[in-house]
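Asker: give the three-dimensional model of this entry:
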Amino acid sequence: MSEIRLFVTTTEKQAAAVLDVMSAIFEEDDYAIATMEIDEKRDVWEASVYMMTDEEESVRSRLAQALEVEFSHLPIEREVLPDVDWIAKSLEGLAPVRAGRFVIHGSHDRDKVKPGEIAIEIDAGQAFGTGHHGTTAGCLEMLASVARSRPVRNALDLGTGSGVLAIAAWKLLHVPVLATDIDPIATRVAADNARRNGVVTGLTFATAPGFHSTTFSTNGPFDLIIANILARPLMKMAPQVVANLAPGGSVILSGILAEQRWKVLAAYNGQNLKHARTLWRNGWVTIHLTR
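Answerer: Presented below is the predicted three-dimensional model:
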């Protein structure tokens with residue numbers, strides 16, 4: 001099944017306004033939205049939303065209705081995206097990323113690791129998370145900060161993706177780490193990445209949707225929970241996250257757009273967690289909360 005991009009072409013200012021509209025109407029969905037500069041001199045920008053073919057009719061209808069009031073003059077254009085492994089293609093040859101003491105690099109950059117750095121080798125693959133995105137890098141920075149300030153005896157990486165955060169937690173803390181994901185492919189890739197990084201014990205991988213698995217009660221409660229997902233599922237899971245958090249524990253949350261931070265904070269404040277710190281990276285935030 002092909003992926004579809006629906007977009008409008010306009011100025012930078014109007015593209016930002018259209019993006020706000022898209023954020024509002026698709027807030028509860030998992031559709032990717034973005035703006036992109038096409039021609040700097042002519043101030044040509046595109047605001048886009050991405051979906052699969054079978055979702056196009058519904059998304060187009062909702063988008064057209066939302067744009068009708070202020071942006072009815074902007075036609076909704078359509079592009080069918082080629083069936084390419086964009087994660088692998090976009091990450092080919094990327095330079096190492098440094099976040100705190102961590103350096104995330106591909107196999108081609110092993111020689112660029114400096115003394116004293118905690119190196120994690122992740123090549124482009126089928127699971128999300130290489131440190132190049134602001135949310136992953138923000139979590140790595142926050143992880144280092146939490147490790148300096150609070151004792152951690154075990155940790156949970158919820159929605160592990162490529163496993164980079166779980167591997168980072170184990171390498172930094174040397175405590176038992178549980179890493180879970182709803183996608184069995186991600187779980188397999190993460191386990192492979194852990195072995196590639198020399199982590200063979202102390203790191204447990206499990207395929208588990210949400211908290212519906214006995215693996216959480218078996219390995220928890222946790223002194224540290226890291227969840228780099230999306231704002232809405234983070235808010236929905238707030239009671240379960242806190243239920244699996246040990247007394248005095250810490251939660252690191254990311255995958256949150258800057259304008260969504262207040263809703264996420266409200267959900268966790270409602271579970272009696274306290275806001276400790278927020279990191280900002282490229283329009284995304286990473287939040288540290290404590291019990």
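Asker: residues contacting the helix or strand hosting Val18, please?
Answerer: Counting by DSSP states H and E, the element that carries Val18 is helix 12-25. Identification of contacts with helix 12-25 by CB atoms under 8 Å, 6 or more residues apart in numbering yields 8, 10, 33-35, 37, 43, 45-47, 49, 62-63, 66-67, 70-71, 74, 257, 259. (Glycine included, C-beta is placed from N, CA and C.)
Asker: residue with max distance from the center of the protein?
Answerer: No residue in the chain has its C-alpha farther from the mean C-alpha position than His73, which lies at 34.2 Å (CA atoms, centre = their mean).
Asker: for it, grab phi and psi.
Answerer: Torsion angles at His73 (phi, psi; degrees, to the nearest 10) stand at phi -80, psi -10.
Asker: and Glu37, how many neighbours?
Answerer: Applying other CB atoms under 10 Å, we find 11 other residues in the vicinity of Glu37.
Asker: same check on Lys274?
Answerer: The local packing of Lys274 (other CB under 10 Å) involves 10 other residues.
Asker: can you check Ala66 too?
Answerer: Ala66: 16 neighbours (other CB under 10 Å).
Asker: quick check: closest non-adjacent residue to it.
Answerer: Leaving aside its chain neighbours, Ala66 sits nearest to Ile25 (4.7 Å; criterion: CB to CB, 6 or more residues apart in numbering).
Asker: buried set for the helix holding Val18?
Answerer: 14-15, 18-19, 21-22, 25 (16 or more other CB atoms under 10 Å).
Asker: what does the helix or strand that it is followed by contact?
Answerer: Using DSSP H and E, the next helix or strand after helix 12-25 towards the C-terminus is strand 32-39. With contact meaning CB under 8 Å, 6+ apart, strand 32-39 is reached by 9, 12, 15-16, 18-19, 22-23, 26, 44-50.
Asker: which of those sit farthest apart?
Answerer: Using CB to CB, those span at most 23.4 Å, a distance reached by Phe26 and Val44.
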